[in-house]
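>>> Sequence and predicted structure below; questions after.
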Amino acid sequence: MSMQDKDMDELFRAKLDNLEIQPSDRVWKGITVELDGDKRKRGLMPLIRIAAGVTVFIAVGLFFLIKGDKKDDSQANNHLKESQQAIKLSNKGEPEVTDEKVEDLMQAKQDAQQIAPETVKQAQSKQTQLARAESNRAIGNKVAANRNTKHQHKVGQEAGKQDNEEQQELIPQRETLAALSPNDDKLNKGVVPDEPLIATKPVIPGSDDFKTTNKVAVTALPVNKATKATVKKHGIRSFGDLINVVVAKVDKRQDKLIVFSDTDGDESTITAINLGFVKMKTDK
Amino acid sequence: MLFLKHKPSTDELLSDCKTGSRKAQELLYKQFATKMLVVCMRYAVDKMEAEDMLQNGFVRVFQKMNDYRGDGSFEGWVRRIMVHSSIEYYRKHHKMMQVEMDDNTPEQSVNAAAVASLDAKDLMGMIQKLSPGYRMVFNLYAIEGYSHKEIGDIMGISEGASKSQLSRARTILKDQIIKMEGRNYEYAG
């Protein structure tokens, strides 16, 4: 009896379906090796992603650091040029006035230095910081008075009696503080980082009599203190604060790369992002 | 005291395999490896080659375990993976054979009883002796049930070429069966 093609196919299929052959042990070993290799590859992926993220963060940080330095340099150069131009203009316009001011300042310094040795004993006998503060104020008034011809000698002598050698070293600094309030003991004591100073200029009683023209140097000092005080005030309480500190160190722009909220809550939220071409800021 | 060892069912093994349990994977492998090796051997020249196909197939089974939705039998799903693994192996290691048809070979008739009397291992040996192209077409069409169009797409040949290769493969197999039948008669006589 001859066989059709389909019958032959069916016979082959049926006979081979029932057949079983035992594979060698190397097959299972090979399977486990391949599966373990696959697991290892998967295990490395998160590490690679984290490394890539850190690299990008550092690269962006360096980019802004370099960019910020260049900006600062260019701004400093601009300021320098402006000041140089101003000096040139003032030399051309009012040469006599500026010479007078310089002479007045030099005179004040000399007076303080001459009077100081005489008053060493008196200053040692008088203690307390109040006395120093008063003397500081007096010196400031004296410096201002030196620019004013009426009060120059009286105030300078009173102040000089209570002064000592330490105060002589502080004279240039006090000159800049002369226009501030005489009651402001914080400024006279020195920098107190935990207490932010008021950036605005306080009202000075009786300061009209000692008006000076040196106002530019006065405004710079309290602003720096205020920023220092705000940084120290909050401290690093959360991950967001940590990022804020790092970004503030790296990114010198006014609008930082990323800013987290500095609330006392556990969760920090992003309040501002500045990618250069994209800026986002919330009013939290 | 007698402790009965609980033999996990295929479903239990599957759920454990999906969690990555190596023990469950081994048990599942042992359950299907002997049958699947036969599937691979039909596409291979020898057992060594078949075991390579089997290894690749099982690695894919465990990797794609979550893709099995339970539609149809698990054995059928594993079997299809083994066939695809064998086809891939074939593509990698064998060039698609440009078969020169020798249509002058006379068609011989085979006795059904003679085929029935043959051992399964003999039939496997006959298939393995076929050239790779013939073997592939015969397996895919006669055993797996693919159409000539599908085989043409898998092997990159035309539908007509698939038909002619199948025809040639059958002729060779019948010739071998007749030879085998004659040998058996000689032994019997």
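Happy to help now that I have it. Numbers count the residues shown, from 1 in each chain, chains lettered A, B, ... in the order given.

>>> Contacts only, for residue B:76.
Not one residue lies near residue B:76 by Cβ atoms under 8 Å, 6 or more residues apart in numbering or on different chains. In short, each C-beta sits where N, CA and C put it, glycine included.

>>> and it, what helix or strand is that in?
helix B:74-93 (DSSP states H and E).

>>> Tell me the buried residues in that helix?
Residues of helix B:74-93 classed as buried: B:74, B:77, B:78, B:79, B:81, B:82, B:83, B:85, B:86, B:87, B:89, B:90 (neighbour count, 16 or more other Cβ atoms under 10 Å in any protein chain shown).

>>> Give me the most central residue, chain B.
residue B:39 (3.0 Å; Cα atoms, centre = their mean).

>>> Pull up the gap between that one and residue A:256, please.
Applying Cβ to Cβ, to the nearest Å, the value for residue B:39 to residue A:256 is 64 Å.

>>> show me where pLDDT drops low in the stretch 101-250 of chain A?
A:101-235 (pLDDT under 70).

>>> repeat that with 80
A:101-239 (pLDDT under 80).

>>> Distance check, the residue of it found nearest chain B against residue A:69.
Using Cβ to the nearest Cβ, the single residue of the stretch 101-250 of chain A nearest to chain B is residue A:239, 32.9 Å away. Taking Cβ to Cβ as the criterion, residue A:239 is separated from residue A:69 by 27 Å.

>>> Tell me, what's the model's pLDDT at residue B:180?
pLDDT for residue B:180: 80.

>>> what's the answer for residue A:63, then?
86.

>>> Please identify which helix or strand holds it.
Going by DSSP H and E, residue A:63 is part of helix A:25-93.

>>> sorry, back to before: which residues sit in contact with the residue nearest to the centre of chain B?
Applying Cβ under 8 Å, 6+ apart, the residues near residue B:39 are B:79, B:82, B:83, B:86.

>>> Closest one of these to chain A?
So of the contacts of residue B:39, ranked by how close each gets to chain A (Cβ to the nearest Cβ), first place is residue B:79, at 10.3 Å.

>>> Can you pull the phi/psi pair for the nearest residue to that closest one once chain neighbours are set aside?
In this structure, residue B:79 finds its nearest non-sequential neighbour in residue B:39, 5.9 Å apart by Cβ to Cβ, 6 or more residues apart in numbering or on different chains. Dihedral pair for residue B:39: phi -60, psi -50, per degrees, to the nearest 10.

>>> Phi, psi for residue A:279 please.
phi -130, psi 140.

>>> how many neighbours does it have?
A total of 10 residues lie near residue A:279 under the criterion other Cβ atoms under 10 Å in any protein chain shown.

>>> which residues does it contact?
A:255, A:272, A:273.

>>> what about 7 Å?
By Cβ atoms under 7 Å, 6 or more residues apart in numbering or on different chains, the contact set of residue A:279 is residue A:255.

>>> repeat for residue A:35
B:59, B:62.

>>> just to revisit the earlier point, format the buried residues of helix B:74-93 as a markdown table; extra columns: pLDDT and distance to residue A:278.
Output for these, formatted as a markdown table (pLDDT from 0 to 100; distance: Cβ to Cβ, whole Å):
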| residue | pLDDT | distance to residue A:278 |
| --- | --- | --- |
| B:74 | 93 | 52 |
| B:77 | 94 | 49 |
| B:78 | 95 | 52 |
| B:79 | 94 | 55 |
| B:81 | 95 | 48 |
| B:82 | 95 | 53 |
| B:83 | 94 | 53 |
| B:85 | 93 | 49 |
| B:86 | 92 | 54 |
| B:87 | 90 | 51 |
| B:89 | 90 | 52 |
| B:90 | 85 | 54 |
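
>>> Tabulate these (TSV), appending distance to residue B:128.
Putting the buried residues of helix B:74-93 into TSV (distance: Cβ to Cβ, whole Å) gives the following:
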residue	distance to residue B:128
B:74	27
B:77	26
B:78	22
B:79	19
B:81	21
B:82	16
B:83	16
B:85	17
B:86	13
B:87	16
B:89	14
B:90	13
